[in-house]
Structure formats: C-alpha cells, structure tokens
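Engineer: Here is the input, now give the coordinates:
(chains A and B)
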Amino acid sequence: MTNFVNLWVYLSGSPLLWLTTTLLAYLAADAISAACGRHPLANPVLIAVTFVSIVVVASGTSFPAYFAGAQFVHFLLGPATVALAVPLVRHLPQVRRALVPMLVALVAGSATAIACAIWLARAFGLDRAEILALAPKSATAAIAMGIAEKMGGDPALTAVLTILTGITGAIIVTPLMNALRLRNYAARGFAAGLTSHGIGTARAFQVDPLAGTFAGIALGLNGLLTALLVPLLLPWLLN
Amino acid sequence: MLAAIAALLVCQLIGEAAVRAVDLPFPGPVVGMILLFVLMLARAPLPAALGNTADGLLQHLSLFVPAGVGVVQHLELLSGAGLRLMAVVVLTTLITLAVTALVFAALARLLHADALAAGKPESGERP
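Structural biologist: A predicted model of the protein is given here:
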C-alpha cells in the first residue's frame, strides 16, 4: 500500500502520467471511431475527453494538475495553426478561383453566427452576461475569449461555449451537408472552419484535404471578422 | 522532421512577438501562419519535411483533448441556464453551417468556379 502511495506521489507530481493518459485515451477513442466507420457521432475528441474526464475525476485530480501534463499536447495547437499555411499554398489555385464565394460566405456566415446567437439567446430569455459569452463563440477560443472579455462577458463561460460549438459542429457537419446534398467540399470545409474553428477544421481534414484547407482559411478569416462584427452588432441587436 | 518543427515554431514565435508588439487582435499562431504562407510563396528555403510534418499535425484531433477536459471541469458554469445555452449552441451551429455552405456553393456554381473546387469525382458520401 505504501508502495502504491509512493508511486502515486511520484506520478501525480510529474507530467508523464497525464500526458500518457491523454495520448492513450485519444488512441482508444480513435480506434473506436475507426471501428464505427468514422461515424460522425463517434467523434474521437468527445470520446477521449469523456475517458480522460472519468479518470481525472475518479482519481480526485485537479484540472491544473492534469493540465501540467496535458499542456504538452495542448501546446501543439500553436504549430498546428502555423502549419495550415502548407495546405493553403498546396491548394492555392483552387483558393484563388473560389475567392468571391469565399468572401461572401465569410460575411454571411460570420454575421449569421453572431446574430443568431444573440436572437436565440434573447428568445430563450438568457441574460446579458450569457448573451455576451454566446455572441463570439464561432471564433477560435483565444479570439472569442478576448472579445467577450472586452465587452464585459465571462471568458471562462465563453471558452466552454466555444469548445462546445466546435464539437457540435464537428459532429453535425457531415450529416447536415449530406442532407443538403452539398458535394462541394470547399464549401463544406469552409462552413466547418467558420462555424467550428479549430475542431471543425480538424474534422474537415479527416474527411478531405481540400475541405480542410478551406476550413483553415475560414478559421483565420472568421476570427478576425468576429472581432470586428461583435462590437458592431451587439449594441444594435440587444435593443 | 526536427527542422520542420523548428521552422513552425520560429514562425509562431515571430507571430506571438508581433501580436504583442503591435497589439493585434489576433492569436500569435495565426500571424505565424500568414508569415509561413508568405515565406512559402516567396520560395524561401524551407525544410523538405515541412509538408509531411504539417500533414501529421493537422490530422491530429488529439490536440483538442486537454481543452475539452477543461470544459468538463467547468460544466458547472452551464448549470441553471445550461439547457437553454446548449440549445442556442446547437441551433446556431446548425444554421451557421447551412448558411455558410449554401452561400459558398451557390456563388461557386453561379461563377462556374466549382469545377476545380469540387475536385474529385462524385463518389457518393464520404464519412
């Protein structure tokens, strides 16, 4: 028993345990997703998050202690974002040809995301703090939190809603696009990245490299446009 | 591989520095992406493995797991209005996806620009 306690004291103090847990949970989740024929509902992120959360909660570990190990995976989001330039250059001719549809869809989609969130939140009787956290949730988490904070919202609630928007979009994008009979993978990817930022982009790369490329462009552009539009639309839509 | 990761990190580092220096409303990695894009267009000498390394990183949804676990830890923020907040999230996501994709596809068809964008032969639904 003392041996076990000593082992636990060692493991819980080192990043090794939670880094390994995160990677193993993801590998297991990915295997389940593959076994389900990559069905959208078997989203590997959602499954892995569930596994890890069960272990973290059951072992009485605090989130900061978990994150001390998991931050090494989280950190790679930065270089992965930089890496989006590679498929962008690779698909440059297609991107050039789609410039007009892309820019119009960007403005339409970004305004829809913000206005819909505000209108629906008001219709459901949510309060001002919750509306502020909902408005920027299609932008990538870092930008959305910055916008909400600047407008007087709660960045933590914004982060939660942003990531939930990411996972929701990654799950429903494929069945929705199939139901709409949309075969244009540039359009499908662009919608996934605009609506569901990084998580939608990662999903798009799973489906098709061209979809992933357009998702990456949408992720970048919508981050910027949301930062511009939320302060403009919010006072107008709140009254 | 190592050289490729170093190249990505250098771009990110310059991006983070630029964001702080000029107070841009962007995350540093997005500026890093624009920098790498410009470097590639200018045919700057970049590591040969950059393509493979980028593909490897971009295939990895695992990167979002820690943030997702963070959300689970903060689910109490959703208590009270949780169901209504979730309803707004799901409905907005659905509507935004549909509007964006439909506008894009309709304009692409109108401008005959979808020949390339549609890319591959229409071989039924993909996963």
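
Engineer: State the mean pLDDT of stretch B:95-114.
Structural biologist: The average pLDDT for stretch B:95-114 rounds to 89.

Engineer: Go through that stretch and flag the buried ones.
Structural biologist: Residues of stretch B:95-114 classed as buried: B:95-109, B:113-114 (neighbour count, 16 or more other Cβ atoms under 10 Å in any protein chain shown). Using the backbone N, CA and C atoms, a C-beta is placed for each residue, glycine as well.

Engineer: same check, this time on stretch A:104-113
Structural biologist: So, applying 16+ other Cβ under 10 Å, buried residues of stretch A:104-113: A:105-106, A:108-113.

Engineer: Sort out for me which of the buried residues of stretch B:95-114 are in helices.
Structural biologist: The helices, defined by DSSP state H, take in B:95-109, B:114 from those.

Engineer: ok so, going back, restrict the buried residues of stretch B:95-114 to those near chain A?
Structural biologist: Among the buried residues of stretch B:95-114, proximity to chain A is found for B:95-108, B:113-114 (Cβ under 8 Å from any Cβ of the partner chain).

Engineer: For B:P27, give me the backbone phi and psi.
Structural biologist: B:P27 has phi and psi values of phi -70, psi 150 when expressed as degrees, to the nearest 10.

Engineer: Now do the contacts for it.
Structural biologist: Going by Cβ atoms under 8 Å, 6 or more residues apart in numbering or on different chains, B:P27 touches A:81, A:140, A:142-143, A:223, B:19.

Engineer: same thing but at 10 Å, please
Structural biologist: Counting by Cβ atoms under 10 Å, 6 or more residues apart in numbering or on different chains, B:P27 touches A:77-78, A:81, A:139-143, A:146, A:220, A:223, B:12, B:15-16, B:19, B:33.

Engineer: which residues in chain B form helices?
Structural biologist: Secondary structure of chain B (DSSP H): helices located at B:2-22, B:28-41, B:50-58, B:65-73, B:82-110, B:114-117.

Engineer: To A:V49, which of those lies closest?
Structural biologist: Proximity to A:V49 (Cβ to Cβ) singles out helix B:65-73 among these, at 3.5 Å.

Engineer: Using PDB, write out every CA atom in that closest one.
Structural biologist: Provided in PDB are the C-alpha atoms of helix B:65-73 (Å, rounded to 0.1, in the frame of the first residue of the first chain):
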ATOM      1  CA  VAL B  65      -8.500  16.800 -25.700                       C
ATOM      2  CA  PRO B  66      -6.900  18.900 -22.900                       C
ATOM      3  CA  ALA B  67      -9.200  21.900 -23.700                       C
ATOM      4  CA  GLY B  68     -12.200  19.500 -23.900                       C
ATOM      5  CA  VAL B  69     -11.300  18.200 -20.400                       C
ATOM      6  CA  GLY B  70     -11.100  21.800 -19.200                       C
ATOM      7  CA  VAL B  71     -14.700  22.300 -20.500                       C
ATOM      8  CA  VAL B  72     -15.900  19.200 -18.500                       C
ATOM      9  CA  GLN B  73     -14.300  20.800 -15.400                       C
END
